[in-house]
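J.: From the sequence below, what's the structure:
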Amino acid sequence: MSINYQLIIVVMMFVILISIQFTLNKIYLVLKDIKEILNLKRLRKD
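T.: Residues are numbered from 1 along each chain as shown. The predicted structure follows:
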């Protein structure tokens, strides 16, 4: 029985890419929320 290392590497890269994309999406949503809060504060000052 031989282990197909190429398949394992491809699957690992796929999982890493999905996790990076998930993390970036979460960061994007947080930054969007911060921008909204800052805009609300700026509107209240005026």
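
J.: Number of residues surrounding E36?
T.: 10 (other C-beta atoms under 10 Å). C-betas here are computed from N, CA, C, even on glycine.

J.: Relative to I27, how far out is it?
T.: 15 Å (C-beta to C-beta, to the nearest Å).

J.: And S2, by the same measure?
T.: 41 Å.

J.: Comparing those two, which residue is more hemmed in?
T.: Remark: of S2 and I27, I27 carries more neighbours, 10 against 4, as counted by other C-beta under 10 Å.

J.: Enumerate every residue touching the more buried one.
T.: Contact partners of I27, counting by C-beta atoms under 8 Å, 6 or more residues apart in numbering, are absent.

J.: To which secondary structure element is it assigned?
T.: helix 5-45 (DSSP states H and E).

J.: Extract the residue ranges of the protein that are flagged as low pLDDT.
T.: Within the chain, the stretches with pLDDT under 70 are 46.

J.: most distant residue from the middle of it?
T.: Going by C-alpha atoms, centre = their mean, the residue of the chain most distant from its centre is M1, 37.8 Å out.

J.: I'd like to know how far that residue sits from M12.
T.: Counting by C-beta to C-beta, the gap from M1 to M12 is 20 Å.

J.: With S19 instead?
T.: Taking C-beta to C-beta, one finds S19 at 11 Å from M12.

J.: same thing with L40?
T.: 43 Å.

J.: now do Y5
T.: 10 Å.

J.: Next: K35.
T.: On the measure of C-beta to C-beta, K35 and M12 end up 35 Å apart.

J.: swap in K41?
T.: Distance from K41 to M12, by C-beta to C-beta: 44 Å.

J.: give me the number of residues near F14?
T.: Neighbours around F14, by other C-beta under 10 Å: 10.
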